[in-house]
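A.B. asks: coordinates only, sequence not included:
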């Protein structure tokens, strides 16, 4: 099912097309209105998660994640869940809340359903992304993450031919995710 055929979720098909840059709105005011509607829906969708956690049965949750996501291409399911986590991580980082605390409390809230608690350890080590370092890693035969590959693809410092030449030698990216994150070469 294509993006346009997929039914409305948090976003309508028109919202998805607009956010992906595939559709332009007729005026500045129409664009402001669309962005405002999307912000409102995101806010209220996040507030709905408490109702989902409390009210959606375990069976219904299993049907969403095991059955529906299980029937989707593994790449599509993986990318959707990674994007959801990235969106929530970025959102928490934009608040005055501590992500480690939010993560720990979230995991423990989920685990309480199973009458248990968890110790959650989360560690971040930041590394600057720069084209020269990433190209050097590629030339040395090191694998790059999808994020690093997407960064190289978007960089003006690396030609598509050079990136393609390095990726032709990589066997780690035959699962299709590279196309979904870096676009076609």
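C.D. replies: On my side now, so go ahead. Since we're looking at a predicted model, the values are computed, not measured.
A.B. asks: how far away is residue 54 from residue 61?
C.D. replies: Going from residue 54 to residue 61 by CB to CB, to the nearest Å gives 12 Å. Yep, even glycine has a C-beta here, placed from its N, CA and C like the rest.
A.B. asks: equivalent analysis for residue 89, please.
C.D. replies: 21 Å.
A.B. asks: hang on, the earlier thing: who has more neighbours out of residue 54 and residue 61?
C.D. replies: Applying other CB atoms under 10 Å to residue 54 and residue 61 shows that residue 61 carries more neighbours, namely 13 against 8.
A.B. asks: for that one, what is the enclosing helix or strand?
C.D. replies: helix 58-62 (DSSP states H and E).
A.B. asks: in that helix, which residues are buried?
C.D. replies: Of the residues in helix 58-62, none count as buried by neighbour count, 16 or more other CB atoms under 10 Å.
A.B. asks: show me what counts as buried in whichever helix or strand comes after it.
C.D. replies: Moving toward the C-terminus from helix 58-62, the next helix or strand (DSSP H and E) is helix 69-71. Across helix 69-71, burial judged by 16+ other CB under 10 Å covers residue 69.
A.B. asks: where do the helices sit along the chain?
C.D. replies: For the chain, applying DSSP state H gives helices covering 13-19, 28-55, 58-62, 69-71, 74-93, 99-112, 131-139, 146-154, 160-168, 177-182.
A.B. asks: residue 85: neighbouring residues, count only.
C.D. replies: Residue 85 has 11 nearby residues by other CB under 10 Å.
A.B. asks: gap between it and residue 5?
C.D. replies: Between residue 85 and residue 5 the distance is 26 Å, computed by CB to CB.
A.B. asks: and if you look at residue 88?
C.D. replies: 27 Å.
A.B. asks: over to residue 92?
C.D. replies: 32 Å.
A.B. asks: now do residue 105
C.D. replies: According to CB to CB, residue 105 stands 37 Å off from residue 5.
A.B. asks: what residue lies at the spatial centre of the protein?
C.D. replies: By CA atoms, centre = their mean, the mean C-alpha position of the chain lies nearest to residue 83, the distance being 1.1 Å.
A.B. asks: how is the protein divided into domains?
C.D. replies: 1-55, 131-182 (automatic domain parsing).
A.B. asks: so of those domains, which one's packed in deepest?
C.D. replies: domain 131-182 (a mean of 14; mean count of other CB atoms under 10 Å).
A.B. asks: need the domains of the chain in JSON lines (columns: mean pLDDT and distance to residue 120).
C.D. replies: Shown next, in JSON lines, are these (pLDDT from 0 to 100; distance: least, CB to CB, whole Å):
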{"stretch": "domain 1-55", "mean pLDDT": "91", "distance to residue 120": "17"}
{"stretch": "domain 131-182", "mean pLDDT": "73", "distance to residue 120": "23"}
